[in-house]
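> Pasting a predicted model and its sequence here:
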Amino acid sequence: MAAAAATAAAKGNGGGGGRAGTGDASGTRKKKGPGPLATAYLVIYNVVMTAGWLVIAVGLVRAYLAKGSYHSLYYSIEKPLKFFQTGALLEVLHCAIGIVPSSVVLTSFQVMSRVFLIWAVTHSVKEVQTEDSVLLFVIAWTITEIIRYSFYTFSLLNHLPYLIKWARYTLFIVLYPMGVSGELLTIYAALPFVRQAGLYSISLPNKYNFSFDYYAFLILIMISYIPIFPQLYFHMIHQRRKVLSHTEEHKKFE
């Protein structure tokens, strides 16, 4: 989940329009973009995904105004959140068929890590759905994805406003730690319920002679954040300097 949030902000995960760094990398050979049909499809996909995350954002605001409290807002956007986050699995297909020049393995990891948190943690452990930590990562994801899919859409149309580019390479400074904190706290909150219920765990003896401890697996996931978070965060800082400084230099020559 940490890697997903980080690389989504730093590189994107196959939504379309090229990766964030694709158009900024120097090189003597220009990369070939998707054909007209693929471009049209990717524009539609990214517009739909932008609209979907806007629906989630509006749902959060409306629920907050109606309740006067931020507690348990997850229930107001549960269905669209599951739908549009799961819909991001199409981005793996985009990479696999070559209409987006991104790594299938990396994109799969990015997308599946979020899908895992939504379905295997938040959906499966109902007790955590009222935790404030869920709202924390949902808000971070929502803002990030609205910006990301807007970025892809305008990039595909060859008309990228500087404000969107700036937001994509700046707001992660706050949104990434916010999202990671929400993810970790949500997994941590789920641990006692997972252990008590033996959720998704397989114990011996069984005919396959195989055991799996989902509780320990979640702990390992949490530990994996320790080396991943700082590396990707500082990579994103470096990427921001490179991209935005390149934009400023380009403006000087216009």
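Looks like it came in fine.

> What lies in contact with stretch 208-220?
With contacts defined as Cβ atoms under 8 Å, 6 or more residues apart in numbering, stretch 208-220 is touched by 121, 187, 190-191, 194-195, 198-204. For the C-beta atoms, the positions are set from N, CA and C on the backbone; glycine is no exception.

> okay if I get those residues as JSON lines plus secondary structure and neighbour count?
Below are the contacts of stretch 208-220 laid out as JSON lines (DSSP: H, G, I helix; E, B strand; the rest coil; neighbours: other Cβ atoms under 10 Å):
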{"residue": "121", "secondary structure": "helix", "neighbour count": "22"}
{"residue": "187", "secondary structure": "helix", "neighbour count": "22"}
{"residue": "190", "secondary structure": "helix", "neighbour count": "25"}
{"residue": "191", "secondary structure": "helix", "neighbour count": "18"}
{"residue": "194", "secondary structure": "helix", "neighbour count": "25"}
{"residue": "195", "secondary structure": "helix", "neighbour count": "15"}
{"residue": "198", "secondary structure": "coil", "neighbour count": "12"}
{"residue": "199", "secondary structure": "coil", "neighbour count": "16"}
{"residue": "200", "secondary structure": "coil", "neighbour count": "14"}
{"residue": "201", "secondary structure": "coil", "neighbour count": "15"}
{"residue": "202", "secondary structure": "strand", "neighbour count": "12"}
{"residue": "203", "secondary structure": "coil", "neighbour count": "10"}
{"residue": "204", "secondary structure": "coil", "neighbour count": "8"}
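
> of all those, which comes closest to residue 55?
For residue 55, the nearest member of those is residue 121. The distance, counting by Cβ to Cβ, is 22.7 Å.

> Excluding covalently adjacent residues, which one is nearest to the closest one?
Ranked by Cβ to Cβ, 6 or more residues apart in numbering and with sequence neighbours excluded, the top spatial neighbour of residue 121 is residue 190, at 5.3 Å.

> ok, that neighbour touching residue 129?
No - with contact defined as Cβ atoms under 8 Å, residue 190 does not count as touching residue 129 (10.1 Å).

> before we move on, back to that, can you lay out the contacts of stretch 208-220 as CSV showing distance to residue 112?
Putting the contacts of stretch 208-220 into CSV (distance: Cβ to Cβ, whole Å) gives the following:
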residue, distance to residue 112
121, 13
187, 15
190, 18
191, 21
194, 19
195, 24
198, 24
199, 19
200, 16
201, 20
202, 21
203, 26
204, 28
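
> what sits against residue 160?
Residues touching residue 160, when contacts are defined by Cβ under 8 Å, 6+ apart, comprise 151, 154.

> re earlier: including pLDDT and distance to residue 105, could the contacts of stretch 208-220 go into TSV?
Listed next are these as TSV, based on pLDDT from 0 to 100; distance: Cβ to Cβ, whole Å:
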residue	pLDDT	distance to residue 105
121	99	23
187	99	23
190	99	27
191	99	29
194	99	28
195	98	32
198	97	32
199	98	28
200	98	24
201	98	27
202	96	26
203	95	32
204	93	32
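
> Would you mark the buried spots in stretch 88-102?
For stretch 88-102, a neighbour-count test (16 or more other Cβ atoms under 10 Å) marks 88, 91, 92, 94, 95, 99, 100, 102 as buried.

> again, but for stretch 112-120
Applying a neighbour-count criterion of 16+ other Cβ under 10 Å, one finds 113, 114, 115, 117, 118, 120 buried in stretch 112-120.

> in the stretch 101-250 of the chain, which ranges drop under the pLDDT threshold?
For the stretch 101-250 of the chain, the stretches with pLDDT under 70 are 247-250.

> Quick check: nearest residue in space to residue 137, chain neighbours excluded?
Counting by Cβ to Cβ, 6+ apart, residue 137 lies nearest to residue 182, which is 3.1 Å off, once chain neighbours are set aside.
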